Structures are given as structure tokens and as C-alpha cells.
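Novice: Provided below for reference: sequence and predicted model.
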Amino acid sequence: MDKKEIQGKIRKLLKERKAILLAHYYQRDEVQEIADYLGDSLGLSMEAAKTDAAVIVFAGVHFMAESASILSPEKTVLLPRADAGCPLSDMIAVEQLLAAKRQYPDATVVTYINSSAEIKAHSDICCTSANALKVVQSIPGEGPVLMIPDGNLARYVAQRTKKTIIPWEGFCPIHHHLTAAQVSRVKAIHPDAVFAAHPECTFAVLALADFVGSTTAILSYAGEPQVRKLIVGTERGIFCQLQNRYPGKVFIPASEEMLCEDMKHTTLADILVSLAEMKHIVKVPEAVRIPAKRSLDRMLELS
Ligand code: 13P
């Protein structure tokens, strides 16, 4: 089957099943092309919470499908590839979080959405890269904030708030391994370009950035008239949208290695099989879902 044919079959099945296809900007181009909604982690969770579709097909990774199931338990949530995970979300276990909570009993736990449902269930409030500072600033009182599991995001927020931030030392391998030396080399080749980075990048890389933001925020920044040539410090999947939206502009990867294999697992064939066979269903048990939803709801109330 060629690309157009399989895309057509998916769109037809989506209609038959009263289903919606949600996709993250890091997905393969051919998946992005047929999504009903394309977004960053915040936008996708907002869409999952409000859609009236019976079935949500999540072209993303496991924690995203789990968040959709937490927010919309009456819907069937399908993750076309059961093995699409997130190494960052695996960098904290429940026992470790419980130990940290004992160590810092007065800390508010702010949990990045890139985390398991169980971790969210033991947290006070969730955040994404789009709203992390806003979430931290919304916390009343002077107490410390334990930010899990992304240490780079925690340090980025710590620089912009008076609150005491305790970072967990997890990281997204794709963003964390981009080095300041790599960025400087690309900047030297393109001295007329500006540099945008995702807050999952290291402190040293963010120090070189003209703009720091979530994938949606980077897309908006790229649209600003003064931005003609942009070095992009996030996963390569975003280039599909950058080039479609702004065909007259030049986009340069900060590193060719910024490719998330987990995000690229999902093929059109996987989506077709998932819809045809209604697999793999992601469902969070109620005992975990209810407290996890509280943490997500607190975040969404701020949006
Ligand atoms: P955003 O979707 O918030 O830009 O974050 C990217 C990411 O970490 C996806 O896993």
C-alpha cells in the first residue's frame, strides 16, 4: 500500500469508529499529515480532556496515552505501539518519589507530564514545558518545590522564580545530549541565525538560546517576522511543521542526532492495525487514575 492509500484507510476507519487521531510534533511526517489534532504535551492533554470522540488514537508515547485515559476514562484510548515509551518518565520510580517526599516533607511536588500515572498520583500538581513556570508560581507559600523528573526543566524554572526548587536528576536523552559545543559550531557556520531551544536542554545550551520554549512555543517564535533563519534545539519531528508553516524561512537542526526513536516507532501501518483491531488499549486503574487526575486537573485549571 502506498502512503496516500494507507492514510485514506486510516481516515475512513477513524470516522467509522468515531475516533480522533492525536499526534505530537515529534511524530513521523506522514502521521502528522493526517492527525485531527497536532500539538505539544499541554495542547494534547487539553484536547484529550475535551474531545467528544468515542476513541482516542494517540500517536505519541505511553505517558501521553495514559494522560488521555486519566482525563477521559469513558473513552477508549489506543496507543498504536505498546513499546513507545519515554526514557525520561522511567527515571523516577514510586519508591524513590516516596523517599524524596519523606526527605522534604514540606515540599510541593510538581511533576512533569513526562511521567507515569502512578508518579502523577503521588504528586501535587503536573506541569508541561509550556507552563512549568506558571505552575510553580501558582503554588502558595514559601515552601520548597520538588520538581520531578526533569532536572534541566527544574533548573530552567529555578532561574526564573524566587521559590526554592529541588531538582530531580532525570533527563530526556535527546535534549540532554545536545552540547553547547555543538550549538556553538552550528552558530559559527550560521552567524545570521537565531537559536531556539527546548527547556529539556542543559543549562549550558539554554544559555546560548535566543528563545526557550515548548514545541508549540518554538513554532510560534519561528513565525515572528524578525526570525528568518532558525537553529532548532529540539527533536527533528518539529521540522515538518516549521517547513509547512513558514516555507520562506530557513531551519537548521542544532544536531542531526536529535531524533527520538520512541516517537518514531509509530508508523501508519501501526495506526491502521491499532484501529482495525482496537489495540493496544491504555487504561489506568481507578485507584491510580483518581489521584493522578487531581494533579492533571490542577494544572489544566491554570491553562
Ligand atoms: P512539549 O510537548 O511540552 O514541547 O515537550 C516535548 C516532550 O517532552 C515530548 O515528550
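Specialist: Perfect, thanks for sending it.
Novice: residues from the stretch 151-300 of the chain in reach of the ligand?
Specialist: Contact residues, the stretch 151-300 of the chain versus the ligand (C-beta under 6 Å from any ligand atom): 172, 200, 214, 215. Any C-beta I mention is one placed from the backbone N, CA and C, and that applies to glycine too.
Novice: just to check, the first one is in contact with residue 199?
Specialist: No - at 10.0 Å, residue 172 and residue 199 do not qualify as touching, with contact defined as C-beta atoms under 8 Å.
Novice: so what sits against both of these two?
Specialist: Counting by C-beta atoms under 8 Å, 6 or more residues apart in numbering, the common neighbours of residue 172 and residue 199 are residue 152.
Novice: how about low-confidence regions in this protein?
Specialist: Counting by pLDDT under 70, the chain contains no low-confidence range.
Novice: which parts of it are strands?
Specialist: Ranges of strands in the chain, per DSSP state E, are 19-24, 37-39, 55-59, 76-78, 108-112, 125-127, 145-148, 165-167, 194-197, 211-212, 229-233, 250-253.
Novice: quick one: those as TSV, columns for mean neighbour count and distance to residue 10 too.
Specialist: As requested, those are exported to TSV (neighbours: other C-beta atoms under 10 Å; distance: least, C-beta to C-beta, whole Å):
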stretch	mean neighbour count	distance to residue 10
strand 19-24	24	7
strand 37-39	20	15
strand 55-59	27	9
strand 76-78	23	12
strand 108-112	26	30
strand 125-127	27	30
strand 145-148	26	36
strand 165-167	19	41
strand 194-197	22	32
strand 211-212	19	35
strand 229-233	22	28
strand 250-253	16	28
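Novice: JSON lines please, covering those and showing distance to residue 271.
Specialist: Formatted as JSON lines, these follow (distance: least, C-beta to C-beta, whole Å):
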{"stretch": "strand 19-24", "distance to residue 271": "7"}
{"stretch": "strand 37-39", "distance to residue 271": "14"}
{"stretch": "strand 55-59", "distance to residue 271": "6"}
{"stretch": "strand 76-78", "distance to residue 271": "9"}
{"stretch": "strand 108-112", "distance to residue 271": "26"}
{"stretch": "strand 125-127", "distance to residue 271": "27"}
{"stretch": "strand 145-148", "distance to residue 271": "31"}
{"stretch": "strand 165-167", "distance to residue 271": "36"}
{"stretch": "strand 194-197", "distance to residue 271": "30"}
{"stretch": "strand 211-212", "distance to residue 271": "32"}
{"stretch": "strand 229-233", "distance to residue 271": "26"}
{"stretch": "strand 250-253", "distance to residue 271": "26"}
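Novice: what's the closest of those strands to residue 91?
Specialist: Ranking these by their distance to residue 91 (criterion: C-beta to C-beta) puts strand 145-148 first, at 8.7 Å.
Novice: show me what that closest one is packed against.
Specialist: For strand 145-148, the helices and strands in contact under the criterion 3 or more C-beta pairs under 8 Å, 6 or more residues apart in numbering; DSSP states H and E are helix 94-103, strand 108-112, helix 132-137, helix 151-158, strand 165-167.
Novice: and the residues of the stretch 151-300 of the chain next to the ligand, which is closest to residue 272?
Specialist: Lowest distance from residue 272 to these (C-beta to C-beta) belongs to residue 215, with 25.7 Å.
Novice: how many residues are close by the closest one?
Specialist: The local packing of residue 215 (other C-beta atoms under 10 Å) involves 25 other residues.
Novice: could you do residue 265 as well?
Specialist: Residue 265 has 18 neighbouring residues, counting by other C-beta under 10 Å.
Novice: ditto for the one 4 residues further on
Specialist: Neighbour count of residue 269, defined by other C-beta under 10 Å: 12.
Novice: repeat that for residue 285.
Specialist: Counted with other C-beta under 10 Å, the neighbours of residue 285 add up to 10.
Novice: next up, the contacts around it.
Specialist: No contacts exist for residue 285 under C-beta under 8 Å, 6+ apart.
Novice: look up how far residue 10 lies from the residue nearest to the spatial centre of the chain.
Specialist: If you average the C-alpha coordinates of the chain and look for the closest C-alpha using C-alpha atoms, centre = their mean, you land on residue 41, 3.9 Å from that point. Residue 41 is 23 Å from residue 10, where distance means C-beta to C-beta, to the nearest Å.
Novice: repeat that for residue 169.
Specialist: According to C-beta to C-beta, residue 169 stands 40 Å off from residue 10.
Novice: quick revisit: just the helices and strands packed on strand 145-148: most buried one?
Specialist: The highest mean neighbour count among those, using mean count of other C-beta atoms under 10 Å, belongs to strand 108-112: a mean of 26.
Novice: contacting residues around residue 280?
Specialist: Residue 280 makes contact with 78, 79, 80, 81, 82, 274, according to C-beta under 8 Å, 6+ apart.
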